[in-house]
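Q: the following comprises the amino acid sequence and a computationally predicted model.
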Amino acid sequence: MEYLSLVNQIIQAEHNAKSIAQEAAERAPVLEEELQREKDALRTSAMNRAREKAAEAENRIRAGAENDLRLWDEKLVESTSKVEAADEKYRENWVDTLFSMIVKGTP
């Protein structure tokens, strides 16, 4: 009797295995679809985060460039003002010096 019970258990285990294999085969397409949806959702989420990070980086770079341009503009205005002030203050002296150098040939 023990032999018969053992054979029945083996047969039952085989039926269970076939049933599990069949259920897995039936669920495979659904699982593939779910996996594809999750993969697409992850890809979309990653792309959105990447776009946000790129936009933030672009804004930081743009702000830095605008600040640099503002500083250069300030330096340009300051330098131009100094040159104009020197021109106004020393113009006659420079003209006299250049005239003397050209006409008299003296350094």
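A: Right, received. Where do you want to start?
Q: what is the neighbour count of T97?
A: For T97, the neighbour count with other C-beta atoms under 10 Å is 13. (C-beta placed from N, C-alpha, C; glycine too.)
Q: distance of it relative to K104?
A: The gap separating T97 from K104 is 11 Å, by C-beta to C-beta, to the nearest Å.
Q: overlap in contacts of those two?
A: The overlap between the contact sets of T97 and K104 (C-beta atoms under 8 Å, 6 or more residues apart in numbering) is empty.
Q: what strand or helix carries Q22?
A: Q22 belongs to helix 2-104 when assigned by DSSP states H and E.
Q: can you pull the contacts of G105?
A: No contacts exist for G105 under C-beta under 8 Å, 6+ apart.
Q: show the pLDDT at it.
A: If you check G105, the pLDDT there is 75.
Q: where in the protein is pLDDT low?
A: Applying pLDDT under 70 to the chain flags the ranges 1, 106-107.
Q: for the helix holding Q22, packing partners?
A: Of the remaining helices and strands, none touches helix 2-104 by 3 or more C-beta pairs under 8 Å, 6 or more residues apart in numbering; DSSP states H and E.
Q: next, count neighbours for G64.
A: Neighbour number of G64 under other C-beta under 10 Å is 10.
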